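# Need a 3D model of the sequence below.
(one chain, ligands or ions: 2)
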Amino acid sequence: MQVIILGSGTCTPSKRRAGPATLVKAGGLNILIDSASGTLRQLENAGIPYSSIDLILYTHFHIDHIGEFAPYIFATKYAPGFYRKAPVRIMGAEGLAGLYEGMQKVFGQWLEIEPDKIILEEIPSHMPCAMQIPPIIIKTCPVLHTPQSLAYRIEDEKGKSIVISGDTDFTDELCEFAKGADLFVCECACPENDKRPGHLTPSEAGRIAASAGVGRLLLTHFYPACDDHDAALSCRKFYDGDVTATEDFMCFDI
Ligand SMILES: [Zn+2]
Ligand SMILES: [Zn+2]
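Numbers count the residues shown, from 1 in each chain. Ligands and ions are numbered 1, 2, ... in the order given. The predicted model follows:
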């Protein structure tokens, strides 16, 4: 399995960081988690053709995480040369279909999904779920950010696992959900001295990683104020494993 950080930032425009998006390669599938504005270009710059994305998972519906939901659909219709053998599956919590319908009303025929290209699927957001997408298994867990916020756990056929927190505050459920993961990609939006409800500080991310006993911790989703602080240092007070404060285009194999 492989993780590529396509965007380590937030909604705040930044020269250093693109908005939230992560690519996971697992079981021969290319899985995109969230798509901030600019993600399609980040994919190109990472050498991953956007037509090779098999599955898109949305952690929640804040605009910095779904910025290229509509542009992606548009590109599957009108970008010359777009071709896929199987439709792309786009998944998110309950509300995904309503979000699409609202946007489709605004953009009309230009955003009508062609069923041979895209399938939208909603995931219950009030309880943990698991789905088989051979050869991988995807599990979800509600997290503490908005009522439609999900963390994802991707397990491959060799038993390796990656957990993506999405945006969240500290929850015991996330500690349990991330248990034993080989790699934990965790949001860390706030600097240590500026905790905001609905997001994590480095020490909170470290406490979750330590409680879950994950193999490696990647911190992401940094507001610009975080760039003046050493997030990994604060995190290590609680978690003694390998911690990386990520930058765009960093790539990790497990
Ligand atoms: Zn959010
Ligand atoms: Zn966010």
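# give the contact list for the most centrally placed residue in the chain.
Nearest to the mean C-alpha position of the chain, by CA atoms, centre = their mean, lies Ile33 at 3.4 Å. Taking CB atoms under 8 Å, 6 or more residues apart in numbering as the contact definition, Ile33 lies against Ala21, Thr22, Leu23, Val24, Ile56, Leu57, Tyr58, Thr59, Tyr152, Ile164. Using the backbone N, CA and C atoms, a C-beta is placed for each residue, glycine as well.
# Just the ones of the residues you listed in strands?
Under the assignment DSSP state E, these contribute Ala21, Thr22, Leu23, Val24, Ile56, Leu57, Tyr152, Ile164 to strands.
# what residues does the protein put near ligand 1?
His62, Asp167 (CB under 5 Å from the ion).
# picking up where we left off before, ok, and the most crowded of the ones in strands among the contacts of Ile33?
Ala21 (30 neighbours; other CB atoms under 10 Å).
# Nearest to ligand 1: which residue in the stretch 151-254 of the chain?
Proximity of the stretch 151-254 of the chain to ligand 1 (CB to the ion) peaks at Asp167, 3.7 Å away.
# Specify the local secondary structure of that residue.
coil (DSSP: H, G, I helix; E, B strand; the rest coil).
# Give me the number of neighbouring residues for the nearest residue to it once chain neighbours are set aside.
The shortest distance from Asp167 to any non-neighbouring residue, by CB to CB, 6 or more residues apart in numbering, is to His145 (4.3 Å). Residues lying near His145 (other CB under 10 Å) number 23.
# Bridged to the residue nearest to the centre of the chain, which residues?
Thr22, Leu57 (DSSP bridges).
# Do you know the pLDDT at it?
In this model, Ile33 is scored at 98, pLDDT.
# What ranges does the stretch 1-150 of the chain have for its helices?
39-45, 63-66, 69-78, 96-107 (DSSP state H, counting those that start in this stretch).
# Arg207 is in contact with Thr201, correct?
No - counting by CB atoms under 8 Å, Thr201 sits too far from Arg207 to count as a contact (9.5 Å).
# Out of those two, name the residue with the larger neighbour count.
Between Thr201 and Arg207, counting by other CB under 10 Å, Thr201 is the more crowded of the two (23 against 18).
# any idea how far the more buried one lies from Phe238?
Using CB to CB, to the nearest Å, we find Thr201 at a distance of 11 Å from Phe238.
# Then Lys195?
15 Å.
# still on that earlier bit, could you dump the contacts of Ile33 into TSV with pLDDT added?
Converted to TSV, these look like this (pLDDT from 0 to 100):
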residue	pLDDT
Ala21	98
Thr22	98
Leu23	98
Val24	98
Ile56	98
Leu57	98
Tyr58	98
Thr59	98
Tyr152	98
Ile164	98
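# pLDDT weak spots in the stretch 51-200 of the chain?
Of all residues in the stretch 51-200 of the chain, none has pLDDT under 70.
# Relative to Ile254, which of the contacts of Ile33 is nearest.
Val24 (10.2 Å; CB to CB).
# Nearest spatial neighbour of the closest one, chain-adjacent residues omitted?
In space, Val24 is closest to Ile31, 4.5 Å off (CB to CB, 6+ apart).
# Arg16 now?
Nearest one to Arg16, counting by CB to CB, 6+ apart, is Asp227 at 6.7 Å.
# burial of that neighbour, as a residue count?
If we define neighbours as other CB under 10 Å, then Asp227 has 14 of them.
# re the thing from before, tell me the one of the ones in strands among the contacts of Ile33 nearest Cys190?
Among the ones in strands among the contacts of Ile33, and counting by CB to CB, the member closest to Cys190 is Ile164, at 18.3 Å.
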